[in-house]
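**Student:** Quick check, what structure comes out for this input:
(chains A, B and C)
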Amino acid sequence: MSAEAKLKELNITLPEVTKPVASYLNAVRSGNLLYLSGGLPDLGLPEFRGKVPTDVTPELAKEAAREAILGRLAVIKAEVGSLDAVKKFVSLQAFVNAETDFTDVPQVINGASDTLVEIFGQEIGSHSRTAVGVASLPLNVCVEIALVVELLD
Amino acid sequence: MSAEAKLKELNITLPEVTKPVASYLNAVRSGNLLYLSGGLPDLGLPEFRGKVPTDVTPELAKEAAREAILGRLAVIKAEVGSLDAVKKFVSLQAFVNAETDFTDVPQVINGASDTLVEIFGQEIGSHSRTAVGVASLPLNVCVEIALVVELLD
Amino acid sequence: MSAEAKLKELNITLPEVTKPVASYLNAVRSGNLLYLSGGLPDLGLPEFRGKVPTDVTPELAKEAAREAILGRLAVIKAEVGSLDAVKKFVSLQAFVNAETDFTDVPQVINGASDTLVEIFGQEIGSHSRTAVGVASLPLNVCVEIALVVELLD
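**Tutor:** Coordinates of the predicted model:
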């Protein structure tokens, strides 16, 4: 099943593409690679702001990671017209706004990784990944996620 | 106007290319992509050392981000001969040496992003971007900035 | 001398390839670039867990960085059959689980960079690099290291 068909089956509506919060683009294409800027979860949702696990529970942060990746998919669709233009998710880079003793970073970011596999399947959706806990994030969101995506010719 | 001409018009002199502070190169080319190492602001300037906003004000850190990106442009020029060999700034990755409650990371890094657009224009200079606050940076600088740049054939 | 021959000369045995700790792959190839996930040092070694320099000395963290990069080389070998398939190490991205006043990040990460040059020589092994101190890392390891590698055709 195509990713677009799967989105419909799962009854997922992608969020609106938001303007970057500063002087940069949501994505830049170079050859058949699309580099996406670090994306944030919906800024209208205050429950996704703060540090994990003090202000935001790991479970909620995992949901924020899912929201952030759906936002990135919306950017891909806006850039190239269809999610079915994705050949492969190459690299996912994730940052958690973490307390210095919070080490369950991988579980939080699975909220993003699992969503890619759910929509695109293992072959296209599975990816290389780097995930770390950082001291602070823009606008005090709990997660930020960037992508490198390979597009079909 | 070409980037080299714009540099002259703006009366900007690029800094000297410095040796990496450890066992790595300033940049590596792969195909038409140039990967630049994380660059620091001028190490001779103690005002660019420390945490934002406690030791370094956000305004000063923004200046440091501009200095760091000018240093990266000097590396590009040293590697490929001219800034006019740049086809597109693809990806900028920025790290701010941040207190855990400092969330104005985007404003600080605009010091780098705005400088690229000022010199190269929107079409070439605008880029995808990831910006986060980190626990510490090499030599206690306040910002570190890496780039992926696409070169003309 | 080839990298595989050098490994034998140095009497280095690569570690077993471990499964990723969450929903992602160890590596993804796109064209002739191999993107490796952030790799951790051997999780069976408790001395490599904790913050630098409080829990883990910088010297030990440097050793952990060497172990982490050997684990990445094991992944490369598993993916493409031989270390001699590497044309160039393009980019290394390193994260140190650092106290907020620990600024000797570059020395720690030289444990990885020096190992690449030792095994592959300057021409292939030297790389661009980004190294920062972060608030926390998966499973409380002291370092995490990701790579982008160019492969021979």
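**Student:** and A:Glu16, what does it touch?
**Tutor:** Shown in contact with A:Glu16 (C-beta atoms under 8 Å, 6 or more residues apart in numbering or on different chains): A:Ala74. Yep, even glycine has a C-beta here, placed from its N, CA and C like the rest.
**Student:** And it, how far from chain C?
**Tutor:** Shown here: A:Glu16 relative to chain C, a distance of 27 Å by C-beta to the nearest C-beta, to the nearest Å.
**Student:** can you confirm that residue is in a strand?
**Tutor:** No - assigned with DSSP: H, G, I helix; E, B strand; the rest coil, A:Glu16 falls outside any strand and is coil.
**Student:** following the biggest helix by length in chain A, which helix or strand comes up?
**Tutor:** Looking across chain A with DSSP state H, the single longest helix is helix A:58-80. Reading on from helix A:58-80 to the C-terminus, the next helix or strand found by DSSP states H and E is strand A:86-97.
**Student:** Around A:Val117, how many other residues sit close by?
**Tutor:** Neighbours of A:Val117 under the rule other C-beta atoms under 10 Å in any protein chain shown: 18.
**Student:** And the one 10 residues further on, by the same measure?
**Tutor:** Counted by other C-beta under 10 Å, the residues lying close to A:His127 total 25.
**Student:** if we can go back for a sec, who are the packing partners of the longest helix of chain A?
**Tutor:** strand A:27-30, strand A:33-39, strand A:86-97, helix A:105-125, strand A:143-151 (3 or more C-beta pairs under 8 Å, 6 or more residues apart in numbering or on different chains; DSSP states H and E).
**Student:** Reformat those as CSV; add mean pLDDT and distance to chain C.
**Tutor:** CSV is the format used below for these (pLDDT from 0 to 100; distance: least, C-beta to the nearest C-beta, whole Å):
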stretch, mean pLDDT, distance to chain C
strand A:27-30, 98, 12
strand A:33-39, 98, 7
strand A:86-97, 98, 5
helix A:105-125, 97, 4
strand A:143-151, 98, 5
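**Student:** So for chain B, which of these sits nearest?
**Tutor:** strand A:33-39 (3.6 Å; C-beta to the nearest C-beta).
**Student:** quick one: contacts of the closest one?
**Tutor:** A:20, A:24-29, A:68-69, A:71-72, A:75-76, A:79-80, A:90, A:93, A:95, A:144-151, B:90-91, B:128-132, B:148, C:30.
**Student:** can we see that at 7 Å?
**Tutor:** A:20, A:24-28, A:68, A:71-72, A:75-76, A:79, A:144-151, B:90-91, B:128-131, C:30 (C-beta atoms under 7 Å, 6 or more residues apart in numbering or on different chains).
**Student:** Just the buried ones from these?
**Tutor:** A:20, A:24-28, A:68, A:71-72, A:75-76, A:79, A:144-151, B:90-91, B:128-131, C:30 (16 or more other C-beta atoms under 10 Å in any protein chain shown).
**Student:** Show me which residues of chain A sit near chain B.
**Tutor:** Applying C-beta under 7 Å from any C-beta of the partner chain, we find that chain A lies next to chain B at A:21-25, A:27-28, A:30, A:35-38, A:93, A:95, A:134-140, A:144, A:146.
**Student:** For the residue nearest the centre of chain A, give me its contacts.
**Tutor:** For chain A, the residue nearest the mean C-alpha position is A:Ile69 (2.4 Å; C-alpha atoms, centre = their mean). A:Ile69 makes contacts with A:112, A:115-116, A:145, as judged by C-beta under 7 Å, 6+ apart.
**Student:** Now A:His127. Its backbone dihedrals?
**Tutor:** phi -150, psi 160 (degrees, to the nearest 10).
**Student:** Let me fix that, I meant to ask about A:Lys19.
**Tutor:** Dihedral angles (degrees, to the nearest 10) for A:Lys19: phi -70, psi 140.
**Student:** Can you report how many residues neighbour it?
**Tutor:** A:Lys19 has 7 nearby residues by other C-beta under 10 Å.
**Student:** and the residue of chain A found nearest chain B, bridged to which residues?
**Tutor:** Residue of chain A nearest chain B, by C-beta to the nearest C-beta: A:Ser136 (3.2 Å). Judged by DSSP bridges, the bridge partners of A:Ser136 are B:Gly133.
**Student:** hang on, it packs against B:Phe102?
**Tutor:** Yes - using C-beta atoms under 7 Å, A:Ser136 makes contact with B:Phe102 at a distance of 5.2 Å.
**Student:** Between these two, which contacts overlap?
**Tutor:** In contact with both A:Ser136 and B:Phe102: B:Gly133, using C-beta under 7 Å, 6+ apart.
**Student:** Understood, closing this out.
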